[in-house]
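1. Could you work out the structure for the sequence below:
(chains A, B, C, D and E)
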Amino acid sequence: MCGRFSLIMEIEGLALRFEFEPYGLAQPPRYNVAPTQPVLAVRGGEPRQALYMRWGLLMSGAGQAPSGRPIINARAETVVERPGFRSALARRRCLVLADGFYEWQHDGAGRRPMRITLASRAPFAFAGLWNAWRSPQGDVVESCTIITTEANELVRPIHDRMPVILPEELETLWLDEEMQDAAALASVLAPYPSERMAAYEVSTLVNSAFNDGPELIAPAEQGRLL
DNA sequence: CCAGACGTTGTT
DNA sequence: GTCTGG
DNA sequence: CCAGACGTTGTT
DNA sequence: GTCTGG
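-> Now for the predicted structure:
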């Protein structure tokens, strides 16, 4: 799954790479983005729109409170058929920007945090869905979820699920609101190729969502490399 | 019809 | 909202 | 995802 | 164990 990630590049670089206007967006380097925190998302249209959304989709109740816990992930294998995701998949797709994500490898009693990046170390986009929930007071909360799929060969020793990273050439397709072919959308939600990714062990400092700094992405002493 | 869930992960 | 269960 | 709290009553 | 908060 994907429950923690990083986004370190400055906003101007992200704006060039993902084709949005950076004005008004402050993006401090984030080494430990956790559920319920704001994430930088890009929506389709001309031009594309970048904004912050709360991570964890608030499933809309009938106007009162959001129902249940926020949903930080959606399964690619079932997202097409789930009622709760249906309208978001049709009309509210987005990119969630990142440059690495963390998975905890469980062995015996222990747990080792691993950081997984592109081999190039370039930033990338998770396939996301978003939602707008209006509170009784009239406030609109925009929230999003990250789609997951089965792990590729690189990630499988660490964990059996991984987030969907969109190949750069498919980002526009994912954001295209005219695209309504469910089979075509589902085919986009595939594991990213192992040979273009890398993984290494990091310090358990990343375990606490209160920690955030460059030391979180430093390779662990005598840590594993994949 | 209304009421109540709606999601994932991991662990057992 | 939209779907399932009663 | 992980970390950390988790409860009431009455009395001070 | 289970729930909430980040």
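
2. So the residue located most distally from the centre of chain A: helix, strand or coil?
-> Distance from the C-alpha centroid of chain A, by CA atoms, centre = their mean, peaks at A:Q137 (29.0 Å). Using DSSP: H, G, I helix; E, B strand; the rest coil, the structure places A:Q137 in coil.

3. what residues does chain A put near DNA strand B?
-> Listed as neighbours of DNA strand B in chain A under the rule CB under 7 Å from any atom of the strand: A:1, A:59, A:61-62, A:67-69, A:71, A:73-75, A:78-79, A:82-85, A:106, A:148, A:159-161. No exception for glycine: its C-beta is placed from N, CA and C like everyone else's.

4. of these, buried ones?
-> Buried by 16 or more other CB atoms under 10 Å: A:1, A:59, A:71, A:73-74, A:79, A:84-85, A:148, A:159, A:161, out of the residues of chain A next to DNA strand B.

5. So which of those reach DNA strand D?
-> For DNA strand D, the contacts drawn from those by CB under 7 Å from any atom of the strand are A:M1.

6. From the buried ones among the residues of chain A next to DNA strand B, which land in strands?
-> A:73-74, A:148, A:161 (DSSP state E).

7. Now do the helices in chain A.
-> Taking DSSP state H as the test, the helices found in chain A are A:11-18, A:83-91, A:171-175, A:182-188.

8. for the second one, the distance to its chain's centre please.
-> Taking CA atoms, centre = their mean, to the nearest Å, one finds helix A:83-91 lying 17 Å from the centre of the chain it belongs to.

9. Ok, the shortest one next?
-> In terms of CA atoms, centre = their mean, the centre of helix A:171-175 is found 15 Å from the chain centre.

10. Looking at the helices of chain A, which is nearest to DNA strand C?
-> helix A:83-91 (3.5 Å; CB to the nearest atom of the strand).

11. Render the CA-only coordinates of the closest one in PDB, please.
-> Once non-C-alpha atoms are left out, helix A:83-91 reads as follows in PDB (Å, rounded to 0.1, in the frame of the first residue of the first chain):
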ATOM      1  CA  PRO A  83     -19.800   2.500  -5.800                       C
ATOM      2  CA  GLY A  84     -17.800   4.800  -3.600                       C
ATOM      3  CA  PHE A  85     -15.300   5.500  -6.300                       C
ATOM      4  CA  ARG A  86     -17.500   5.400  -9.400                       C
ATOM      5  CA  SER A  87     -18.100   9.100  -9.900                       C
ATOM      6  CA  ALA A  88     -14.600  10.000  -8.900                       C
ATOM      7  CA  LEU A  89     -13.100   7.600 -11.500                       C
ATOM      8  CA  ALA A  90     -15.400   9.100 -14.200                       C
ATOM      9  CA  ARG A  91     -14.900  12.800 -13.400                       C
END
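
12. anything in that helix sitting right up against DNA strand C?
-> Yes - contact of helix A:83-91 with DNA strand C (CB under 7 Å from any atom of the strand) involves A:83-84, A:86-87.

13. now for that helix, which elements pack on it?
-> When contacts are defined as 3 or more CB pairs under 8 Å, 6 or more residues apart in numbering; DSSP states H and E, helix A:83-91 packs onto strand A:124-134.

14. Thank you kindly, that will do.
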